[in-house]
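Asker: Sequence and predicted structure, then a few things I'm wondering about:
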Amino acid sequence: MTRSSVQAALHRVVTLTKREFYAVLLDRKSRFQIFVAPFIMLTIFSFAVTMEVKNATLGVLNLDAGELGRQFVSYLASGPTFTRVFELDGEQEVGPTIENQRALAVLSIPADFSRKLLSGRPATLQTVLDGRKINAVQIADGYVRLVARQFGRSLEQHSGVAAPRPEVVTRQLFNPNLEYLWFTLPTLLVLLTQMIAIIVSGMSVARERELGTFEQLLVSPLSSVEIVIGKAVPAVCLAFCEGVAIHCVALFVFGIPFAGSASFLALGLGLFILSVTGMGLFISSLCSTQQQAFLGCFVYIVPAVLLSGFMAPIENMPVILQYLTLLNPARHIFTISLGIYLKGMPPGNVLPELAWLSGIAVVTLIFAGWFFKRKTQ
Amino acid sequence: MLAPLLRIEEGIEERIGEKGVPDESAAVLVEGLVKSFDPKKPPALKNLTARIEGGRITGLVGPDGAGKTTLLRLLCGLLLPDEGRISVLGLDAVTQAEAVHARVGYMPQKFGLYEDLTVMENMTLQADLRGVSPKDRESRYGELLDFTGLGPFRKRLAGRLSGGMKQKLGLACTLLARPPALFLDEPGVGVDPVARRELWRMLRDLLTPRRIIVWSTAYLDEAGACDSVLLLNEGELLFDGPPGDLSMRAKGRVFLIDGGGARRRSLIVPLMEKTQTLDAVVQGGSVRVLTRDGGEEIFSGSGLGAFSEKLSMTLSCRAAAPRFEDAFMDILGGARPGNPAVAEFFDLKPPGEETVRAERLVKRFGAFVAVDDVSFSIRRGEVFGLLGPNGAGKSTTFRMMCGLLAPSSGNCSIVGLDFRVAPGAARSRLGYMAQKFSLYGELSVRQNLDFFSGVYGLRGKARREKTEQVIAAFDLARYLKSPARSLPLGFKQRLALGCAVMHGPDVLFLDEPTSGVDPVTRREFWTCINSVALRGVTVMVTTHFMDEAEYCDRVALVYKGRLAASGSPDDLKAAAADPSNPNPTLEDAFIRLIEEADRGGI
């Protein structure tokens, strides 16, 4: 290619890019999607997307006539986990309490609880948990066990019959107070930029096809590579700016600590957006209406989020799925984002993830270009 | 066999009026009807008063946006009027909408069929919806399938039927309940001329003295086939009466000027400059002229002589029978003199050189051969029309020629450049205007112009100059900042054409450029096309309009993937002439060619 033909191509791409920006910015609906919706979501999700168990309700069936049963309950209620505690009147109420979701868990204290403990024998407590809320009850159960252990220990100290036993001391690295927001915001940074990138790119070709202007592009001297570039640039730019904005909100509004290198995060985010944009253009090239494209984006985004390690740890997935998640750009960027924010992930660990992202980006963009071309076959 | 179909559902039928007294129970009456969708825009229907009688086919004629669909939907009780009264078969369409629904068979524009269901499933569904009693069903299905000739296709998916067969199925579905009134919204769209004639014959068969049939259409040539016509334009009723009466308006004022030969296109502008001329269009090898009242004499004797001399041509003139469209142009006040300044975009190139070439083009989609061995060649300055029924391969051929589809075998090239070898170079030599002026509606006129000039590689000073030129030539200055979608139709068309010609292409591709467009706007568009062709640009156009086909130098008829015929419109018409029809229209010629092709078994 000669220099002048490269210049000409560049000129065409710039023209197309400009038009794409206009198309997004002049349309009220897409302006809302890009500039308003993500920030509403950011605000809501920052507070709503939490897996902590706080302010839960506990039912107590206390059959123990002694002092210790009551004492144990007040221990439990003093923490943030169970702020509402009510008493059940009998065994028969346990089932319905859980079934009607009046309480997350029911603790039943046997009649011989105080007696056994005071005589130095081990006593047993029973918790009945609502299995429908699998995550919450596991956390609640852990809390009850922890309190029980501490309660036991304080009794031992009290009675002076302490027997030395091993003790686990937990320290949360990178997030010492287990602040959930520290986890939420680096996650939202990824989820929201992903959404912008896929919507802007996914709708672009489908919208033109619906209007009949896409053919006008295809008969112009623009080559399919130029079309892909011209359509990708606005999506990447808008999503990236969105990411920067969210990052600033995280740092300055929510005060999330930032331990790592900003340039590596930017590089990772850029590559991630590029690969998602490629995916969006690929989806768009297959669809002939905006409705189809929208469904296509949805079909992509749900598994991309679920299989990213954000909802469920990748190590718990079947082995085949674990390998499959390597193809999911969201998996890599979650590693990078959380790693850089919270623990200052060293470059050596970021590089393999960056390599994966670049690979995925190249493949999806080539696919998109190839499918634009194929449409004219 | 027909008798049962003519019967109107019992219980709806009776209440015959007294003799000679106008009877509302067998007519549609509209008084002072106003309907507006957007208070900022002019109303869709402005104070409409009309009466539609039973026992005849009434044509609801007018361009897109004239208010045809709005009126039909109001008549069916699907929309509420802002003002005025609607009485259908003696029932008030607003307060007795339910009863009106039961008596009206409405066939909406897009068939109202479920494409994923078979012919029979569609009919059963409609029978359920219309509450046809189970004991009647079998006999009615049989009658209708016989009547429409769809019997052999019971199990075929509706989506797989041809345009004509879809309309027949739609008609069959509306006839299931034997309605006394049939409202058909543009049943002629997407239907080839042969099937269209058949549809007309079927409707004629269905006509009883008390049945009301309304057929809406944007094709003015279809109006002539109706018994009575309501001509709508921009929500106003321009004419109500037999179509022949309307044509008579222009009687004695329509002429054909011969002798222009290859230069006949250049006659249009000087002819339109004469104050006596209302309208001038190319028709085959002649120019068709409509004069003002009292303007006839310039075409008799001395007037034309002086005109011929000025242009140094030997012209002759003969009177022609007026058409519906001539009268429509007369009512609308004649054509606006178009602006031939568009020609400035093109360096004058001598005609003759071959610019478009199709060589043994074949296009297969899987096992289906859409285009089978089509060859043609078009020269500089020629206007070439591609005609044919839907699904015959016309669009596929067109799309291959402008590089949107790659042929399975064969070659196509633009000014000697093959799309497979030099796609970018070939594309930069063509201009393309998609159906219905696809522009970027959100972008302003200026932004649209900037975009297309940039994409076609215009830069710097050249870009600014060309943009200014387009703005001046198409008179776009006052709309520069408006979004393209808000432009009036005529200006949208100008902008689309401006964007397509900015880079001075050698070949201009127009895909059904003016279907559904009012004749005045169409004239304006063709004035530009004519002047472009005179500069030596090749124009390739697909069209459904027989009138538009006559603007072409040469037309090719594509049928069943093959080139069934090609030649000048006059030659094709002459070839179709026989003693029973000495002066066939172009449509007659096409029907004949298609029938011959069917007999020949291609």
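Answerer: Ah, there it is.
Asker: Close to chain B: what parts of chain A are there?
Answerer: A:8, A:11-12, A:14-16, A:18-19, A:22-23, A:26-27, A:211-213, A:215-223, A:376-377 (C-beta under 8 Å from any C-beta of the partner chain). No exception for glycine: its C-beta is placed from N, CA and C like everyone else's.
Asker: wait, doesn't residue B:113 sit right on residue B:166?
Answerer: Yes. With contact defined as C-beta atoms under 8 Å, residue B:113 and residue B:166 form a contacting pair (6.2 Å).
Asker: Tell me, what's the model's pLDDT at the spatially most central residue of chain B?
Answerer: With distances taken as C-alpha atoms, centre = their mean, the residue of chain B nearest its centroid is residue B:515 (4.0 Å). At residue B:515, the predicted lDDT confidence score is 71.
Asker: Look at it and tell me its secondary structure.
Answerer: coil (DSSP: H, G, I helix; E, B strand; the rest coil).
Asker: Likewise for residue B:63?
Answerer: Of the three states, residue B:63 takes coil according to three-state DSSP.
Asker: That one: what's it in contact with?
Answerer: Counting by C-beta atoms under 8 Å, 6 or more residues apart in numbering or on different chains, residue B:63 touches B:218, B:233, B:516, B:517, B:518, B:519, B:521.
Asker: Could you rerun that using 7 Å?
Answerer: B:218, B:233, B:516, B:517, B:518 (C-beta atoms under 7 Å, 6 or more residues apart in numbering or on different chains).
Asker: roughly how far is stretch B:172-181 from the heart of the chain?
Answerer: 27 Å (C-alpha atoms, centre = their mean, to the nearest Å).
Asker: And for stretch B:513-533?
Answerer: Remark: stretch B:513-533 is offset 12 Å from the chain centroid, using C-alpha atoms, centre = their mean.
Asker: Buried members of the residues of chain A next to chain B into ChimeraX, please.
Answerer: In ChimeraX, this line selects whichever of the residues of chain A next to chain B come out buried by 16 or more other C-beta atoms under 10 Å in any protein chain shown:
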select /A:8,11,12,15,16,18,19,22,23,26,27,211,213,215,216,217,218,219,220,221,222,223,376
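Asker: Which ones among the residues of chain A next to chain B lie within strands?
Answerer: Among these, no member falls in strands (DSSP state E).
Asker: How about the contacts made by the residue nearest to residue B:513 when sequence neighbours are not counted?
Answerer: Setting aside the residues directly before and after it, residue B:513 is nearest to residue B:433 in space (C-beta to C-beta, 6 or more residues apart in numbering or on different chains), at 5.9 Å. By C-beta under 7 Å, 6+ apart, the contact set of residue B:433 is B:496, B:497, B:500, B:510, B:511, B:513.
Asker: give me the beta-bridge partners of residue B:433?
Answerer: Taking DSSP bridges as the rule, residue B:433 bridges to residue B:510.
Asker: how near is it to residue B:512?
Answerer: From residue B:433 across to residue B:512, the span is 10 Å (C-beta to C-beta, to the nearest Å).
Asker: Likewise for residue A:256?
Answerer: 58 Å.
Asker: Ramachandran coordinates for the single nearest residue of the stretch 201-350 of chain A relative to chain B?
Answerer: Ranked by C-beta to the nearest C-beta, the top residue of the stretch 201-350 of chain A for proximity to chain B is residue A:212, at 3.6 Å. When read as degrees, to the nearest 10, the backbone of residue A:212 gives phi 90, psi 10.
Asker: ok, now residue B:565?
Answerer: When quoted as degrees, to the nearest 10, the phi and psi of residue B:565 stand at phi -170, psi 150.
Asker: per-domain residue ranges of chain A.
Answerer: Structural domains annotated on chain A: A:3-48+A:180-376, A:56-173, as defined by automatic domain parsing.
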